[in-house]
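Q: Next comes the sequence, and after it the predicted model I'd like to discuss.
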Amino acid sequence: MSSWTLEQVSEHKSPNSCWVIIQNKVYDVTEFLPEHPGGADIILKYAGRDATSVYEPIHPPDALDRNLPSSKHLGPLADLAAQAIAREKQAIKKTVDELRVEQARRRMPPLNRILSLMDMENVAKQTLSHKALAYYSSASDDELTNYENARAFSRFFFHARVMRPVALCDPSTTILGFESSIPVFVSGAALAKLGHPEGEANITRATGEERLIQMVSSNASLSPNAIMEAARPSQTLFFQLYKHRNDDIAEKRVREIESLGYKAIFLTVDAVVPGNRERDIRSPWVLEDQERGSPQYHIEDGSRGAAKEEVNIFGTAGALIANDDRDMTWERTIPWLRSITKLPIVVKGIQCVEDAVLAAEAGVDGILLSNHGGRQLEFSLPPLEVLYSIRRQRPDVFEKMEVYIDGGVRRGTDVLKAICLGATAVGLGRPFLYAQSAYGVDGVSKIIQILRREIVTAMRLVGASSLRDLRPEMVQRVDWQPHYHPKL
């Protein structure tokens with residue numbers, strides 16, 4: 001296989017012939033341009049040169065192997081070319097944001113001073129790059145749904161029972177028959193490598209140590225195989241499936257997941273199109289203004305057409321779902337999925353009682369009440385409120401399948417409120433991204449330990465020695481709001 005000079009690669013920088021360099025290897029991506037979920041423009045921006053720095057944080061290492069035939073893997077750079085790229089990287093001046101992150105990381109508190117999930121989030125918000133924070137924290141439109149997800153928990157208070165034996169308190173449970181040390185799991189969340197070079201593997205290693213279940217996103221920044229390799233031999237991993245519109249491609253993905261040893265499929269149904277995440281979309285402009293040292297202003301020059309200038313409305317990862325199935329139905333999709341896998345099926349993204357009932361009638365194994373962390377439909381009801389409505393209107397749903405919620409959970413008391421109302425377990429997404437970004441594996445272990453301590457403390461205080469003791473009558477929804485500092 002030939003080696004290539006930088007001059008040779010630089011000749012291929014057009015839509016008709018587009019080569020890029022990734023980790024000192026040359027790839028011909030010309031034919032892939034129209035298929036790239038993020039569009040051709042971002043690839044063409046780096047055509048004929050090294051694209052490693054923008055490629056690695058948001059792509060699994062094997063993405064090129066999976067998407068490009070071997071004939072398009074053109075070979076390595078020549079030694080002199082690789083050395084030139086290395087020198088160029090060393091000479092690049094650090095950005096304003098990179099310098100800020102370096103300084104913030106030198107000022108991180110000791111991990112033993114992190115007392116709550118909000119403590120961890122605050123550290124992450126100081127130490128994450130602007131791009132990573134904008135992606136992780138962004139939500140749809142005015143981000144009201146994300147805020148209300150958390151605020152919903154403040155409307156539910158406990159009817160604590162006393163004079164009950166709670167010296168021995170067991171917070172463990174099973175999720176789809178698989179053991180979990182607490183009724184908490186990691187909800188699927190994409191692009192963990194934006195926050196830490198080890199990415200999702202940090203979460204995998206910590207959840208293995210702490211006996212929690214991790215749901216892995218279809219859009220993780222590590223491949224399903226790489227994440228499974230980071231797991232312990234007996235560790236349970238679930239998979240969050242974004243179904244491709246081509247059934248054959250989707251079936252291939254499902255069979256791969258099953259063969260790798262994933263134990264359940266969470267079919268995502270609330271993200272058929274990207275949400276309008278303006279904080280994430282605006283992020284590149286903020287960074288551009290930082291580097292320029294001043295904002296960019298509108299110039300009145302008498303010309304027309306400015307309103308038609310294209311903007312990347314997909315943000316960091318919205319384009320990753322461009323090829324997802326927008327025509328899923330209860331009548332077709334669930335039977336199709338049942339026909340190709342024996343794994344348990346959970347529908348992720350239920351937002352109303354009616355669809356919870358349809359899921360039960362479809363015979364799925366569980367539902368995850370979720371509005372995607374407020375990142376999809378603005379004014380979607382908080383999952384806790386949907387859970388409460390199911391409990392009041394259709395309590396029979398809980399007898400037919402397991403019910404989970406995610407969105408807004410930040411305290412052990414939040415977990416217990418959901419369990420009282422009938423949830424089997426609750427998922428958290430952003431808190432695990434923040435923890436692994438700030439402190440790696442140890443950060444993830446820390447927030448699991450915090451949650452375990454808070455859950456056990458709250459169980460004892462409400463008079464429950466096991467999760468079976470938590471009943472609907474132990475919580476009350478109030479129509480007034482407590483006065484305290486908001487969580488978010």
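A: Nice, thanks for sending it over. Numbering: from 1, shown residues only.

Q: so where is the protein shaky, pLDDT-wise?
A: Residues of the chain meeting the criterion pLDDT under 70: 1, 304-309, 317, 483-488.

Q: Could you check how far the residue of it most remote from its centre is from residue 286?
A: If you look at how far each residue of the chain sits from its centre, by Cα atoms, centre = their mean, the farthest one is residue 302, at 44.5 Å. To residue 286, residue 302 is 29 Å away according to Cβ to Cβ, to the nearest Å. For the C-beta atoms, the positions are set from N, CA and C on the backbone; glycine is no exception.

Q: Could you do residue 86 as well?
A: 30 Å.

Q: Ok, residue 234 next?
A: With the distance defined as Cβ to Cβ, residue 234 ends up 45 Å from residue 286.

Q: more crowded one of the two?
A: residue 286 (14 against 8; other Cβ atoms under 10 Å).

Q: The more buried one: which element?
A: Applying DSSP states H and E as the criterion places residue 286 in helix 278-292.

Q: which strands and helices sit next to that helix?
A: Helix 278-292 sits against helix 96-106, helix 130-137, with contacts defined as 3 or more Cβ pairs under 8 Å, 6 or more residues apart in numbering; DSSP states H and E.

Q: Check which helix or strand the closest residue to residue 379 other than its chain neighbours maps to.
A: Leaving aside its sequence neighbours, residue 379 sits nearest to residue 145 (Cβ to Cβ, 6 or more residues apart in numbering; 6.1 Å). Assessed by DSSP H and E, residue 145 sits inside helix 144-151.

Q: now do residue 196
A: Applying DSSP H and E, one finds residue 196 in no helix or strand.

Q: Contacts only, for it.
A: 202, 436-437, 440 (Cβ atoms under 8 Å, 6 or more residues apart in numbering).

Q: Name the secondary structure element that contains the nearest residue to residue 109 once chain neighbours are set aside.
A: Leaving aside its sequence neighbours, residue 109 sits nearest to residue 123 (Cβ to Cβ, 6+ apart; 6.7 Å). For residue 123, the enclosing helix or strand under DSSP H and E is helix 117-127.

Q: which parts of the helix with the most length in the chain are buried?
A: The residue-count maximum for a helix in the chain (DSSP state H) belongs to helix 430-462. Buried residues in helix 430-462, counting neighbours by 16 or more other Cβ atoms under 10 Å, are found at 430-441, 443-448, 450-452, 454-456, 458-460, 462.

Q: That helix: what's the following helix or strand?
A: strand 475-477.

Q: Within the sheet, what are the partner strands of that next one, with directions?
A: strand 156-158 (antiparallel) (DSSP bridges).

Q: Contacts made by the strand it pairs with with the rest, please.
A: 384, 388, 413, 416-417, 420, 462, 474-478.

Q: Pull out the buried members of those residues.
A: Looks like the contacts of strand 156-158 have 384, 388, 413, 416-417, 420, 462, 474-475 buried, using 16+ other Cβ under 10 Å.

Q: Pick the one among these closest to residue 152.
A: Ranked by distance to residue 152 (Cβ to Cβ), these are led by residue 384 at 4.4 Å.

Q: Name the nearest residue to that closest one, sequence neighbours excluded.
A: In space, and not counting its chain neighbours, residue 384 is closest to residue 152: 4.4 Å by Cβ to Cβ, 6+ apart.

Q: ok, the closest residue in space to residue 425 that isn't next to it in sequence - how many residues close by?
A: Using Cβ to Cβ, 6+ apart and skipping the chain neighbours, the partner closest in space to residue 425 is residue 183 (4.2 Å). Close neighbours of residue 183, defined as other Cβ under 10 Å, add up to 23.

Q: Could you measure from residue 183 over to residue 460?
A: 16 Å.

Q: quick revisit: would you mind confirming that the residue nearest to residue 384 makes contact with residue 386?
A: No. Counting by Cβ atoms under 8 Å, residue 152 sits too far from residue 386 to count as a contact (9.5 Å).

Q: Can you redo the contacts of strand 156-158 as a markdown table, where the extra columns are distance to residue 131?
A: Output for the contacts of strand 156-158, formatted as a markdown table (distance: Cβ to Cβ, whole Å):
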| residue | distance to residue 131 |
| --- | --- |
| 384 | 31 |
| 388 | 37 |
| 413 | 33 |
| 416 | 36 |
| 417 | 34 |
| 420 | 39 |
| 462 | 42 |
| 474 | 43 |
| 475 | 40 |
| 476 | 43 |
| 477 | 39 |
| 478 | 40 |
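
Q: residues in contact with residue 257?
A: With Cβ under 8 Å, 6+ apart, residue 257 has these contacts: 224, 239, 241, 265, 343.

Q: redo that, cut-off 7 Å
A: Counting by Cβ atoms under 7 Å, 6 or more residues apart in numbering, residue 257 makes contact with 224, 239, 265.

Q: next one: residue 391
A: 421-422, 472.

Q: Out of those residues, flag the one nearest to residue 394.
A: When the contacts of residue 391 are ranked by distance to residue 394 (Cβ to Cβ), residue 422 comes first, at 10.6 Å.

Q: how much space between that closest one and residue 366?
A: Taken as Cβ to Cβ, the span from residue 422 to residue 366 is 12 Å.

Q: where do the contact lists of these two overlap?
A: Counting by Cβ under 7 Å, 6+ apart, the contacts common to residue 422 and residue 366 are residue 403.

Q: who's more crowded, the two?
A: More crowded of residue 422 and residue 366, by other Cβ under 10 Å: residue 366, with 23 against 20.

Q: just checking, the more buried one touches residue 398?
A: No. Using Cβ atoms under 7 Å, residue 366 is not in contact with residue 398, being 10.7 Å away.

Q: Can you list the neighbours in contact with stretch 91-111?
A: With contact meaning Cβ under 7 Å, 6+ apart, stretch 91-111 is reached by 123, 126-127, 129-130, 287, 290-291, 438-439, 442-443, 446.

Q: in it, what's buried?
A: So stretch 91-111, judged by 16+ other Cβ under 10 Å, has buried residues 97, 100-101.

Q: likewise stretch 155-166?
A: Neighbour counts over stretch 155-166 (16+ other Cβ under 10 Å) mark 155-156, 158, 166 as buried.

Q: From these, pick the one nearest residue 326.
A: For the buried residues of stretch 155-166, with residue 326 as the reference and Cβ to Cβ as the criterion, the closest is residue 155, at 34.2 Å.

Q: got a list of what that closest one touches?
A: For residue 155, the contact set (Cβ under 7 Å, 6+ apart) comprises 477-478.

Q: Residue 27 too?
A: 19-20, 64, 68, 72-74.

Q: likewise residue 191?
A: Residue 191 sits next to 57-58, 135, 219, 221, 317 when contact means Cβ under 7 Å, 6+ apart.

Q: And the residue nearest the centre of this structure?
A: Going by Cα atoms, centre = their mean for the chain, the residue that ends up nearest the centre is residue 189, at 1.1 Å.

Q: Now it. Nearest residue, chain neighbours left out?
A: Closest residue in space to residue 189, ignoring its immediate chain neighbours: residue 429 at 4.1 Å, by Cβ to Cβ, 6+ apart.

Q: I'd assumed residue 373 was in contact with that neighbour.
A: Yes. Using Cβ under 7 Å as the test, residue 429 is close enough to residue 373 to be in contact (5.8 Å).

Q: what about those two, which has more around it?
A: Set side by side, residue 429 and residue 373 show more neighbours around residue 373, with 25 against 22, by other Cβ under 10 Å.

Q: what sits against that one?
A: 139, 146, 407, 429-430.

Q: My reading is that it is in a strand; is that accurate?
A: No. Counting by DSSP: H, G, I helix; E, B strand; the rest coil, residue 373 is not part of a strand but helix.
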